[in-house]
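Peer 1: After the sequence you'll find the predicted model.
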Amino acid sequence: MATKRKWVKDVHTDSTSPPESLFKKDAPTIARSLASKKVSPKGIGSGIRMLQYYINRAGKNLSESRRKVLERAKGRLHNKLEASKGA
């Protein structure tokens, strides 16, 4: 059986990266950092995609409690995005 190729190894980007160990912090800190122009110069949507990418890559190695914190951070980012669209 042939080894399946991992598509992620071919992902190359020039975008910014979140600070080291950001995803180990609390939900408000994660959301605030990912919403900043320094980390997400293209806007909050970019921060949401970074967070979702991290969640997807962690997969089954992510504990349930950690997943809940990350999902809360994603919810905060969605709320900020909706608020900015309404303003």
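Peer 2: Structure received. Numbering: from 1, shown residues only.

Peer 1: Would you list the phi and psi of the residue nearest the centre of the chain?
Peer 2: For the chain, the residue nearest the mean C-alpha position is L51 (1.0 Å; C-alpha atoms, centre = their mean). As for L51, its main-chain torsions (degrees, to the nearest 10) stand at phi -70, psi -40.

Peer 1: Now do the same contact list for it.
Peer 2: Contact partners of L51, counting by C-beta atoms under 8 Å, 6 or more residues apart in numbering, are F23, I30, L34, L70, A73, K74, L77. All C-beta spots, glycine's among them, are computed from the backbone N, C-alpha and C.

Peer 1: if you set the cut-off to 6 Å instead, what comes out?
Peer 2: L34, K74 (C-beta atoms under 6 Å, 6 or more residues apart in numbering).

Peer 1: Which of the three states applies to P19?
Peer 2: The three-state assignment at P19 reads coil, by DSSP: H, G, I helix; E, B strand; the rest coil.

Peer 1: any idea what sits nearest it, other than its immediate chain neighbours?
Peer 2: S33 (6.5 Å; C-beta to C-beta, 6 or more residues apart in numbering).

Peer 1: Let me know the secondary structure of the one you found.
Peer 2: S33 is classified as helix under three-state DSSP.

Peer 1: show me where pLDDT drops low in this protein?
Peer 2: 1-16, 87 (pLDDT under 70).

Peer 1: ranges for the strands of it?
Peer 2: Using DSSP state E, the chain contains no strands.

Peer 1: Look through it and tell me its longest helix.
Peer 2: helix 64-86 (DSSP state H).

Peer 1: name the helices or strands packed onto that helix?
Peer 2: helix 27-35, helix 44-58 (3 or more C-beta pairs under 6 Å, 6 or more residues apart in numbering; DSSP states H and E).

Peer 1: For the last one, C-alpha coordinates in CSV please.
Peer 2: To tie it back to what came earlier, the one meant is helix 44-58. C-alpha atoms of helix 44-58 as CSV (Å, rounded to 0.1, in the frame of the first residue of the first chain):
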residue,chain,number,x,y,z
ILE,A,44,-10.1,39.0,11.6
GLY,A,45,-11.1,36.4,9.0
SER,A,46,-7.5,35.6,8.6
GLY,A,47,-7.1,35.0,12.3
ILE,A,48,-10.2,32.7,12.3
ARG,A,49,-8.6,30.7,9.5
MET,A,50,-5.3,30.4,11.4
LEU,A,51,-7.1,29.2,14.5
GLN,A,52,-9.2,26.7,12.5
TYR,A,53,-6.1,25.4,10.8
TYR,A,54,-4.5,24.8,14.2
ILE,A,55,-7.5,23.0,15.5
ASN,A,56,-7.6,20.8,12.3
ARG,A,57,-3.9,20.0,12.4
ALA,A,58,-4.0,19.1,16.1
